[in-house]
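>>> below are the sequence and a predicted model for it; my questions follow.
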Amino acid sequence: MERVSDGPETFTPGRPDWVSTATQPADPARVNDYDSFAEAYSAETENNILNAYLARHAITALAGDVAGRRILDAGCGSGPLSATLRDRGAVVTGIDASAGMLAIARRRLGDDADLHVADLSDRLPFADGAFDDVVASLVLHYLEDWGPTLAEMRRVLGPGGRLIASVQHPLVDYLIQDPRPSYFATTSYTDEWTFNGQSFPMTFWRRPLHAMTDAFTTAGFRLAVISEPQPDPAARELFPDEFPDFANKLSFLCFVVEVPSSAAGSDASRPGPLHPGNAQAPLRPNHTHKRL
């Protein structure tokens, strides 16, 4: 879908030069094929402002002290977030649908790294309660239906466990679509990522905020944090030209959702869907949380 330019400037995110609007319908056989550009993507996103100093920074900041915690990195890609969490003392397992990305992750993390090819649309190959945390950095927006995936993430988390997730901001993705759909609909759009002169179609699913929070609570999670992150302040000196753009415009939306510590499977422990006026929604301010 083509992008429109009549939205408020504050909602137009900075975009890397390898991302552009798709100009033709995507071939379903080529959509989201990370294996076809794994090496180039890994190199491009290793230390850039968007991925390294916004997305990964946001997840690690929200995760806090992870020493000794068993963490599933869902959609781990080439493993930079897994490496950061492991360096901070976590016991990390990584899964990704792309064998090519996992091959890079294994070179990074070592032959003994706990890495698995797994599709988040399928049942996860882990026991109930196997993890203390699941991190999902810029992953869920590839899925049309969050329900089965969140149910599996809920299953592999123990009582008190956390899912820490980031997605593209739904308001930004709404404003860039042309024709612009209903904000309240779940819709897809396609971009083109270009590496080494070759373009690759990437399709994403946008849904309204209330659909996201409803999906979390339906899966049995309790909403703890919603954050609209900003770059790591360290990026100001490293990327002086890009920093103001990413610091002042919407980009991603982050969540921390929790499995209730007691009566983990009880419906009584689950909050209702988050809608305006729902006083039981357990939100905390995001002032201390700055952001794949």
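Thanks, I have it.
>>> how close does the nearest residue to G161 once chain neighbours are set aside sit to R154?
Nearest residue to G161, sequence neighbours excluded (Cβ to Cβ, 6 or more residues apart in numbering): V259, at 4.6 Å. In short, each C-beta sits where N, CA and C put it, glycine included. V259 sits 6 Å away from R154, going by Cβ to Cβ, to the nearest Å.
>>> which neighbours do the two share?
The contact sets of V259 and R154 overlap at G220, F221 (Cβ atoms under 8 Å, 6 or more residues apart in numbering).
>>> who's in contact with G79?
So G79 contacts D73, G94, I104, A105, R106, R108, L109, A113, L115 (Cβ under 8 Å, 6+ apart).
>>> where do the strands sit along the stretch 101-250 of the chain?
For the stretch 101-250 of the chain, the strands defined by DSSP state E, counting those that start in this stretch cover 114-117, 131-137, 157-168, 187-195, 198-206, 222-227.
>>> nearest to R30, out of those strands?
strand 198-206 (5.7 Å; Cβ to Cβ).
>>> that closest one vs strand 157-168, what angle?
120 degrees (axes from the mean of the first three to the mean of the last three Cα atoms, to 10 degrees).
>>> picking up where we left off before, out of the contacts of G79, who's the most crowded?
D73 (31 neighbours; other Cβ atoms under 10 Å).
>>> shouldn't it be within a helix?
No - read with DSSP: H, G, I helix; E, B strand; the rest coil, D73 is strand and lies in no helix.
>>> what's opposite it in the beta bridge?
Beta-bridge pairing for D73 (DSSP bridges): G94, V135.
>>> contacting residues for it?
By Cβ under 8 Å, 6+ apart, the neighbours of D73 are G79, L81, S82, L85, V92, T93, G94, I95, V135, S137.
>>> swap in 10 Å and give it another go.
By Cβ atoms under 10 Å, 6 or more residues apart in numbering, D73 lies in contact with 59, 79-86, 90, 92-96, 105, 114-115, 131, 133-137, 139.
>>> where's it relative to A105, distance?
For D73, the distance to A105 - Cβ to Cβ - is 9 Å.
>>> helices of the stretch 51-200 of the chain, start to end?
56-63, 80-87, 99-109, 147-156, 170-175 (DSSP state H, counting those that start in this stretch).
>>> wait, the residue nearest to G161 sits on F221?
Yes - counting by Cβ atoms under 10 Å, V259 touches F221, with 6.5 Å between them.
>>> overlap in contacts of those two?
Contacts common to V259 and F221, judged by Cβ under 10 Å, 6+ apart, are M153, R154, L157, G161, R162, L163.
>>> ok, the closest residue to the third one other than its chain neighbours - contacts?
So the one you mean is L157. With sequence-adjacent residues excluded and distances taken as Cβ to Cβ, 6+ apart, L157 is closest to V259, at 5.0 Å. If a contact means Cβ under 10 Å, 6+ apart, then V259 has 129, 132, 153-155, 157-163, 219-222, 265, 269 as its contacts.
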